[in-house]
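> Coordinates for the following, if possible.
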Amino acid sequence: MKNTYVKDFEQTFSIRGEDIFVKASARYDSETHEMLYDGALDDAAIEMARKIYCQRNGFLEPVQIREIRENIGISQRDFATLMGWSQTTIVLYESGALPTNNNNNQLKMIYENPLELKQYYLNAKKSFSTKTSEKINNYLLKQRNVKIGGEVSVFDIIDWFRVTNINEMEKSEIVEELTQLKVMKLLYYAQGYMLAKFKKKIFPEQFLKWDYGPVVRIVHEQYKGKHSIVSDFVNVNLPKQLIDNFERINKNQEILEVLNFVQKNLGYLSAISLMNKTHLERPWVATRKDEEISDDLIQAYFEEHIFEIFSV
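So this is what the prediction gives:
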C-alpha cells in the first residue's frame with residue numbers, strides 16, 4: 001500500500017476474560033501516522049494472541065488437533081462421532097476456534113497418550129463402518145506396540161482389576177463389587193509400587209489431589225455417576241475386549257507382579273479404608289487440592305515406606 005508504513009505496535013486482546021499483550025506489526029498512514037486497517041496484519045496479531053493464550057493455558061493448537069485425526073486416518077465426521085461431538089465442532093477446532101475446557105482436556109489426554117482413544121472407540125464402535133473401525137483398530141494396535149514393555153493404558157489396568165474382581169466374586173459371596181472409588185485407589189498404589197520397585201510408571205496419567213484421595217481425571221470422567229464398575233458383567237459372558245486386555249496384562253511380568261502384589265495386600269480393603277489410608281500419607285498431604293501429585297513425591301515416599309504401606 002502506497003503512502004503507508006508498517007511498525008510494531010503493542011496491542012491487548014481479551015480472550016475468555018484474560019488480557020493478552022502482544023507486540024505485532026500494524027500499518028500506519030505516512031502523513032497522519034494514524035493506524036490503518038490491514039486485514040492480514042490484524043489477523044496475524046490475533047493469531048499471535050491466540051497462540052500465547054493456548055500456551056499459557058494448556059490448549060492444543062489446531063494443527064495438533066488435526067494431527068490426532070490424521071494420524072488415525074479418519075474423516076472429520078468420524079472423528080466427531082468418536083469424540084461424541086458434532087462435525088461442526090471438529091471443523092471449528094481445526095480452523096482455530098478454542099475448544100471448551102472439558103473438550104480440550106479430552107483432546108490433550110488423547111494427544112499425550114493415544115491409547116486413551118480406546119475407550120472412546122468402544123463407546124462409539126457401533127456407529128462406524130467396517131473400514132473406519134479397521135483404521136481405528138490398526139491405529140490402537142500400533143500405539144500399543146509402541147508402549148510394549150513400558151506404560152500401558154490406565155483402562156487396561158482397570159480391566160485387569162475388573163476381571164480379577166469378577167473372578168473373586170464367583171468364588172466367594174462376601175467379595176464386594178469393584179467401585180470407581182476403590183479402583184482409583186488400587187491404581188494409585190499400583191503406580192506407587194511400580195515407581196518404587198521398577199523406577200517407571202505403569203500408565204502415563206497423573207494423579208490429582210481430590211477430597212476422596214488421589215484421582216485420575218479421565219477415569220473419573222469415564223465412570224462419573226457410576227458406583228460399581230463391574231455390575232454390567234456379573235453373571236454374563238465377559239466381552240472379548242475385556243478378556244483380551246486382562247490376558248495381555250498377564251503377559252507382562254513386571255506389571256503382573258505389581259498388580260498381584262497390590263491386589264493381595266490391599267484388595268480386601270474397602271474403598272473408604274483405602275481412601276482414608278491415602279489421606280494419611282505424604283503424597284496426598286503435601287499436595288494442594290486439585291493439583292497434580294508429583295511422581296517424584298510418590299516414588300520417594302513409596303521407596304521409603306514400602307513395607308508399612310502394604311502391611312495393613
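
> By mean pLDDT, point me to the weakest helix or strand of the chain.
One helix or strand of the chain scores below all others by mean pLDDT, DSSP states H and E: helix 130-147, with a mean of 76.

> just checking, what packs against the following helix or strand past that one?
Following helix 130-147 in sequence order, the next helix or strand is helix 154-171 (DSSP states H and E). Using 3 or more Cβ pairs under 8 Å, 6 or more residues apart in numbering; DSSP states H and E as the contact criterion, the secondary-structure elements in contact with helix 154-171 are helix 180-198, helix 217-222, helix 240-250, helix 253-266. To be clear about C-beta, it is placed using only N, CA and C from the backbone, and glycine gets the same treatment.

> Could you check the angle helix 154-171 makes with helix 253-266?
When axes from the mean of the first three to the mean of the last three Cα atoms, to 10 degrees is applied, the directions of helix 154-171 and helix 253-266 differ by 50 degrees.

> what comes up buried for helix 154-171?
Residues 154-166, 168-169 are the ones in helix 154-171 that count as buried (16 or more other Cβ atoms under 10 Å).

> so which helix or strand takes in the residue nearest the centre of the chain?
Nearest to the mean C-alpha position of the chain, by Cα atoms, centre = their mean, lies residue 109 at 3.3 Å. Residue 109 belongs to helix 101-112 when elements are defined using DSSP H and E.

> what's the next secondary structure element after that helix?
Next in sequence after helix 101-112, counting helices and strands by DSSP H and E, comes helix 117-124.

> For that next one, give the mean pLDDT please.
Per-residue pLDDT over helix 117-124 has a mean of 89.

> what helices or strands is that helix leaning on?
The helices and strands touching helix 117-124, judged by 3+ Cβ pairs under 8 Å, 6+ apart, are helix 76-83, helix 130-147.

> Out of the ones you listed, which is closest to residue 275?
For these, distance to residue 275 was read as Cβ to Cβ. The smallest value, 29.4 Å, belongs to helix 130-147.

> which other residues reach that closest one?
71-74, 78, 82, 114-115, 117-118, 121, 125, 128, 152-153 (Cβ atoms under 8 Å, 6 or more residues apart in numbering).

> rewinding a little: which residue, neighbours along the chain excluded, lies closest to the residue nearest to the centre of the chain?
Here the nearest residue to residue 109 in space, its sequence neighbours aside, is residue 116; by Cβ to Cβ, 6 or more residues apart in numbering that works out to 4.9 Å.

> Likewise for residue 72?
residue 139 (4.8 Å).

> how many other residues sit next to the one you found?
Taking other Cβ atoms under 10 Å as the neighbour definition, residue 139 ends up with a count of 19.

> Repeat that for residue 45.
Neighbours around residue 45, by other Cβ under 10 Å: 19.

> Setting the sequence-adjacent residues aside, check what's closest to it.
With Cβ to Cβ, 6+ apart as the measure, residue 24 is the residue that lies nearest to residue 45, at 3.7 Å, once sequence neighbours are left out.

> Surely that neighbour forms part of a strand?
Yes - read with DSSP: H, G, I helix; E, B strand; the rest coil, residue 24 is one of the residues of a strand.

> who touches it in this structure?
For residue 24, the set of contacting residues under the criterion of Cβ under 8 Å, 6+ apart consists of 8, 9, 11, 41, 44, 45, 48.

> now do residue 254
For residue 254, the contact set (Cβ under 8 Å, 6+ apart) comprises 194, 198.

> where does the nearest residue to residue 34 once chain neighbours are set aside land in three-state SS?
For residue 34, ignoring the flanking residues on the chain, the nearest one in space by Cβ to Cβ, 6+ apart is residue 28 at 6.6 Å. Assigned by three-state DSSP, the conformation of residue 28 is strand.

> List the contacts of residue 193.
Counted by Cβ under 8 Å, 6+ apart, residue 193 has contacts 258, 261, 262, 302, 306, 310.

> residues touching the residue lying closest to the fifth one once chain neighbours are set aside, list them.
Spatially, and ignoring its direct neighbours in sequence, residue 306 is nearest to residue 196 (5.4 Å; Cβ to Cβ, 6+ apart). For residue 196, the residues meeting the contact criterion (Cβ under 8 Å, 6+ apart) are 299, 302, 303, 306.

> How about residue 192?
Contact analysis of residue 192 by Cβ under 8 Å, 6+ apart lists 283, 298, 299, 301, 302, 309.
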